[in-house]
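>>> show me how the following folds:
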Amino acid sequence: MRTYDDSFSGVRIYPGKGKIYVRGDSKVFRFQNGKSESLFLQRKNPRRIAWTVLYRRQHRKGISEEVAKKRTRRTVKAQRGIVGASLDVIKEKRSQRPEARNAARAAAIKESKEKKAASAAAKKAEKAKSAAAAKGSAARGQVSKQGAKGLPPRSPRLPAKRLSLMNPKFLRERESAVLVSFRPVLLQSRVHGMP
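Predicted structure coming up:
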């Protein structure tokens, strides 16, 4: 016995039942009854009509008997070794007592402080050695390039803020550093709007 499916609702049509509708482009549609034919001709969407097979399949209706209850998986924590530490080392550290851990930490801190002090002492010695060498070379008569040319030694660099140069208090403090000839030039550039 051959059966057909309803073109709209998806319900099975048995022999001797239903209607056949042939569209202008020669496509054949089979309907179980006038209700599904009418809804099809109104261009209704079978996925939005609650009693059709398409709707029920889309919204998972009536399939609870077929599907067995899914078993939920419980996650089990597995310990693994990481880069630089094997599983045994990790377990050992985890089982370590707090007192032992604190003692190990204190020892590590002490060791790092000693290393720092040793490196600082080495730096100091190196600095003193280089200073002594520089003093010795100056005593031997070595002169800088500018000194060899006969130029006077450079005056200390002036701060970037021009307003501080105009401050009388600043000028009194740095009188030796600021040349007297600089004052009128700075004042003049200030008056004419030059930067």
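
>>> when you work out contacts or count neighbours from here on, use the C-alpha atoms and nothing else.
Will do.

>>> mind listing the helices for this protein?
Taking DSSP state H as the criterion, the chain contains helices spanning 34-41, 53-58, 87-94, 98-139, 145-149, 162-166, 168-173, 182-191.

>>> which one, of those helices, ends up nearest to residue 74?
Closest approach to residue 74 among the helices of the chain is made by helix 87-94 (23.2 Å; Cα to Cα).

>>> relative to helix 98-139, how tilted is the closest one?
100 degrees (axes from the mean of the first three to the mean of the last three Cα atoms, to 10 degrees).

>>> and the helices of the chain as a markdown table, adding mean neighbour count, distance to residue 77 and mean pLDDT?
Formatted as a markdown table, the helices of the chain follow (neighbours: other Cα atoms under 10 Å; distance: least, Cα to Cα, whole Å; pLDDT from 0 to 100):
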| stretch | mean neighbour count | distance to residue 77 | mean pLDDT |
| --- | --- | --- | --- |
| helix 34-41 | 15 | 56 | 97 |
| helix 53-58 | 16 | 37 | 94 |
| helix 87-94 | 12 | 14 | 80 |
| helix 98-139 | 12 | 24 | 86 |
| helix 145-149 | 10 | 73 | 71 |
| helix 162-166 | 14 | 68 | 56 |
| helix 168-173 | 12 | 70 | 64 |
| helix 182-191 | 12 | 75 | 53 |
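
>>> could you dump those to CSV with distance to residue 8?
CSV is the format used below for those (distance: least, Cα to Cα, whole Å):
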stretch, distance to residue 8
helix 34-41, 6
helix 53-58, 9
helix 87-94, 63
helix 98-139, 74
helix 145-149, 101
helix 162-166, 89
helix 168-173, 96
helix 182-191, 91
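
>>> closest to residue 18 out of the ones you listed?
Among the helices of the chain, helix 34-41 sits nearest to residue 18 (Cα to Cα), with 8.3 Å.

>>> which residues touch the closest one?
With contact meaning Cα atoms under 8 Å, 6 or more residues apart in numbering, helix 34-41 is reached by 8-9, 31.

>>> same question, stretch 53-72
9-11, 46-50.

>>> hmm, try it at 6 Å
9-10, 47 (Cα atoms under 6 Å, 6 or more residues apart in numbering).

>>> just the ones of these in strands?
Residues of the contacts of stretch 53-72 located in strands (DSSP state E): none.

>>> for the helices of the chain, which one sits closest to residue 79?
helix 87-94 (7.3 Å).

>>> any chance you could list what contacts the closest one?
For helix 87-94, the surrounding residues in contact (Cα under 6 Å, 6+ apart) are 80-81.

>>> hang on, the earlier thing: and which of the contacts of helix 34-41 is nearest to residue 74?
residue 9 (41.5 Å).

>>> burial measure for the closest residue to the closest one other than its chain neighbours, as a count.
Distances taken as Cα to Cα, 6 or more residues apart in numbering put residue 52 closest to residue 9, at 4.5 Å, once the chain neighbours are dropped. Here the number of neighbours of residue 52 (other Cα atoms under 10 Å) works out to 18.
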